[in-house]
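Visitor: no FASTA, just this:
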């Protein structure tokens, strides 16, 4: 009986110590104000706020991302149906674009099956928007305007992926052979097990995260664009240089803030990329993921030429408040949710 009482008291004490939010009231007020300013930013530009489902039948196939999975037991067929919490509202928002929604944005929860860290919580808040008629350069300018509005930053620096590697590593990421990438990893003390087994893109991503990222966007945001075509994700391939994709990322004070594309509109090419992703997952011993057929059918109907971007609200708030961990801006992180 004493042991049962002890365990009961321990559990009660443990939960008593973790019931409180990890944010200050100041941080909660700052979040509310930031969301108000973001909504005003888009209202001034006549961009429509929309909502899309959190639970989806299809999910991301990217080998570097994983989604939370559940089963729905009340489908009309009587059989359990697999559903996935969205890692991004992208596919559903593009279905709206195909239905002639015009320019749209969304502030929503997104979920990624990854460990908690300084910059990441498995459940987080995302801002995503799409601009029909924009290319990725025009969208970069709008992202820059939003950062100046919310963080009062100076106008951002802009450089290509190739320029960033040349300046900070001294190699060309588009033409350097794997042997040069391995030599560069050694030169910058990037020590991992079996580096020769890494794909070329994995080597590039390691070099970028370890060497380039810490040296950009410290005083003002930095846009990196024209990533290798092999890292295109859902972006178009550049018409003038097929080695690169029309994709950009934004970095500021150590945070990767946003990822944007000139959006791919070809259903057949998108299906090919999804299949290729699953082949990579299978080769790595990862579980393959169901392709979002609703999204592909929407692309077959027709996606207007547009650019889109996803931006992390929690990271944006961290930078505004000058805090060092995402737990300071999320009321109840996953470990105490």
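Guide: Yep, that arrived. Source: prediction; values computed, not measured.

Visitor: going by C-alpha atoms from here, please, whenever you check contacts or count neighbours.
Guide: Fine.

Visitor: helix, strand, or coil at residue 113?
Guide: coil (DSSP: H, G, I helix; E, B strand; the rest coil).

Visitor: distance of it from residue 69?
Guide: 9 Å (CA to CA, to the nearest Å).

Visitor: with residue 327 instead?
Guide: 24 Å.

Visitor: more neighbours: the two, which one.
Guide: The residue with more neighbours, out of residue 327 and residue 69, is residue 327; 22 against 15, by other CA atoms under 10 Å.

Visitor: who's in contact with that one?
Guide: 22-23, 118, 333 (CA atoms under 8 Å, 6 or more residues apart in numbering).

Visitor: again, only using 10 Å
Guide: With contacts defined as CA atoms under 10 Å, 6 or more residues apart in numbering, residue 327 is in contact with 21-23, 116-121, 314, 318, 333-334.

Visitor: can you show me the strands along this protein?
Guide: For the chain, the strands defined by DSSP state E occupy 48-49, 55-56, 69-72, 81-85, 104-111, 123-132, 157-160, 222-225, 247-252, 255-262, 306-312.

Visitor: for those strands, which one sits closest to residue 191?
Guide: strand 255-262 (22.8 Å; CA to CA).

Visitor: what helices or strands is the closest one leaning on?
Guide: strand 123-132, helix 136-151, strand 222-225, strand 247-252, strand 306-312, helix 313-321 (3 or more CA pairs under 10 Å, 6 or more residues apart in numbering; DSSP states H and E).

Visitor: quick one: average pLDDT of the longest one?
Guide: Spelled out, that is helix 136-151. Helix 136-151 shows a mean pLDDT of 98.

Visitor: joint contacts of residue 113 and residue 69?
Guide: residue 85.

Visitor: may I see the contacts of residue 327 organised as TSV, with neighbour count, distance to residue 260 and pLDDT added?
Guide: Formatted as TSV, these follow (neighbours: other CA atoms under 10 Å; distance: CA to CA, whole Å; pLDDT from 0 to 100):
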residue	neighbour count	distance to residue 260	pLDDT
21	16	32	96
22	17	31	96
23	16	29	97
116	15	24	93
117	11	23	93
118	12	23	95
119	17	19	95
120	18	19	95
121	24	21	97
314	24	18	98
318	21	21	98
333	20	26	96
334	14	27	95
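
Visitor: so for residue 284, what's the pLDDT?
Guide: Predicted confidence (pLDDT) for residue 284: 87.

Visitor: need the contact list for residue 100.
Guide: So residue 100 contacts 94, 132, 302-304 (CA under 10 Å, 6+ apart).

Visitor: what's the answer for residue 291, then?
Guide: 57-61, 271, 274-275, 278.

Visitor: what's the burial count for residue 245?
Guide: There are 24 residues near residue 245, going by other CA under 10 Å.

Visitor: how about the contacts made by it?
Guide: 225-239, 261-262.

Visitor: residue 215 contacts residue 168, correct?
Guide: Yes - shown here, residue 215 and residue 168 form a contact pair, counting by CA atoms under 10 Å, at 7.7 Å.

Visitor: for residue 122, which non-adjacent residue is closest in space?
Guide: Closest residue to residue 122 apart from its sequence neighbours, by CA to CA, 6 or more residues apart in numbering: residue 112 at 5.1 Å.
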